[in-house]
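# Following is a predicted model, sequence given first.
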Amino acid sequence: MGRVEGKVALITGGASGIGLSSATLMAREGAKVVIADFNVDSAQEAAAKIKSEGGEAVGIFLDASQEASIEEAVDFTVKQYGTLKVLFNNVGVTNLRKDLDVVNMDLDEWDRIMNVNTKSVLLGSRFAIPHMRKAGGGSIINTASMAAFAGDSVRSAYGASKAAVVNLTRYIAAQYGKDKIRCNGVAPGLILTPAAKQSMPPAVLDIFAKYNALPYHGEADDIGHTVLFLASDESKFITGQTIQVEGGHYMANPSIADFNQFLAQA
Ligand SMILES: NC(=O)c1ccc[n+]([C@@H]2O[C@H](COP(=O)([O-])OP(=O)(O)OC[C@H]3O[C@@H](n4cnc5c(N)ncnc54)[C@H](O)[C@@H]3O)[C@@H](O)[C@H]2O)c1
């Protein structure tokens, strides 16, 4: 008996990185998964791989910036597998060239990032909740980010949008708890997904390594296992929480790495 046996899960942005890991792990533990992604070819490839390993999955197109597309993905899931018990709102975007500091940031980009990162969580949940009510409950999981909990020099829209996701998670949890619908978030620190590996210069990875409490970087499965836990009934008394999975990067005195260096040299 798998940890999410028989549950039906819709995963947005499921064709790569964190979404792909979560889809794969949930399918291995008995869920039927719908992988919804802008990149439909990769979504279908991911579903085919899961099926070749004995799981149940289907890949579909999703544009999480479009309300109608989100509604279609939810409707497709219910038509395909008869119900919807787990929604992983995972799509999130930023733009390192335009999502800058407050004075210089591009306002169209602000609107786009807010729309994709925050409104897609609202809409996914809005369309899924009636089906979860019918099913006697469900689990909504949102991908936030550690950018929600600290200020930074750039990515103002990304940080603000993810902070909104953290509190929207609480609102959904508060509003639908009596329907046995739980809503939780996961806040990754730097995770070496293929996209992150491609876009991060080695010098930036070294900065993260220096300030992580743990001596290694995070991987997609570190988030996937957390999502699997939140999707399963093992977490049935947890709601409204955002679990920080970030290698201890943000939990200590921020100067500790420099102090350690100082002490080693003293
Ligand atoms: N990787 C990290 O270090 C990190 C850290 C904190 C938070 N996150 C968050 O994790 C989530 C997943 O990130 P990832 O690193 O796995 O990224 P990724 O690029 O590996 O995967 C994201 C997937 O989302 C899809 N996608 C993008 N825009 C879409 C849209 N409008 N509609 C449908 N699909 C769309 C992409 O095609 C891709 O398959 C995001 O919300 C991101 O903000 C990532």
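Now that the structure is in, tell me what you want to look at. These numbers were taken from a predicted model, which means no experiment stands behind them.

# can the helix of greatest length in the chain be found next to the ligand?
When the chain is parsed with DSSP state H, its longest helix is helix 156-176. No. Using Cβ under 6 Å from any ligand atom, helix 156-176 stays clear of the ligand, coming no nearer than 6.9 Å. (Each C-beta comes from the backbone N, C-alpha and C, glycine too.)

# Could I have the CA atoms of the helix-or-strand element of the chain with minimal mean pLDDT written out in CSV?
Within the chain, confidence by mean pLDDT, DSSP states H and E is lowest for helix 194-199 among all helices and strands, at a mean of 83. What follows is helix 194-199, C-alpha atoms only, in CSV (Å, rounded to 0.1, in the frame of the first residue of the first chain):
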residue,chain,number,x,y,z
PRO,A,194,18.1,21.7,-14.2
ALA,A,195,16.9,25.3,-14.6
ALA,A,196,18.8,26.5,-11.5
LYS,A,197,22.0,24.7,-12.5
GLN,A,198,21.9,26.3,-15.9
SER,A,199,21.3,29.8,-14.7
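
# Buried residues, it. List them.
Ala196 (16 or more other Cβ atoms under 10 Å).

# Check stretch 86-104 too.
Judged by neighbour count using 16+ other Cβ under 10 Å, the buried positions of stretch 86-104 are Val86, Leu87, Phe88, Asn89, Asn90, Val91, Gly92, Val93, Thr94, Lys98, Asp99, Leu100.

# same question, stretch 173-187
Within stretch 173-187, the residues that count as buried by 16+ other Cβ under 10 Å are Ala173, Tyr176, Asp179, Ile181, Arg182, Cys183, Asn184, Gly185, Val186, Ala187.

# Which two among these are spaced furthest apart?
Maximum pairwise distance in the buried residues of stretch 173-187, criterion Cβ to Cβ, is 25.0 Å, between Asp179 and Ala187.

# Walking through the stretch 101-250 of the chain, point out its helices one by one.
Counting by DSSP state H, counting those that start in this stretch, the stretch 101-250 of the chain has helices at residues 107-114, 120-134, 156-176, 194-199, 202-211, 220-231.

# Please work out which residues outside the fourth one touch it.
If I follow you right, that is helix 194-199. Contacts to helix 194-199, defined as Cβ atoms under 8 Å, 6 or more residues apart in numbering, come from residues Ser16, Gly17, Leu96, Leu190.

# The second one: how many residues sit nearby?
When you say that, I think you mean Gly17. 23 (other Cβ atoms under 10 Å).

# what does the protein put close to the ligand?
Proximity of the chain to the ligand is confined to 13, 15-19, 37-39, 62-65, 90-93, 116, 143, 145, 188, 190-191, 193-196 under the rule Cβ under 6 Å from any ligand atom.

# Pull out the buried residues from those.
Using 16+ other Cβ under 10 Å as the burial test, those include 13, 15-19, 37-39, 62-65, 90-93, 116, 143, 145, 188, 190-191, 193, 196 as buried.

# which residue ranges form the strands in this structure?
With strands called from DSSP state E, the chain shows them at 8-12, 32-37, 56-61, 86-89, 138-143, 181-188, 242-245.

# What distance do you get for the closest residue to Tyr158 other than its chain neighbours to Leu10?
Spatial nearest neighbour of Tyr158, excluding adjacent residues (Cβ to Cβ, 6 or more residues apart in numbering): Thr94 at 4.0 Å. Distance from Thr94 to Leu10, counting by Cβ to Cβ, to the nearest Å: 23 Å.
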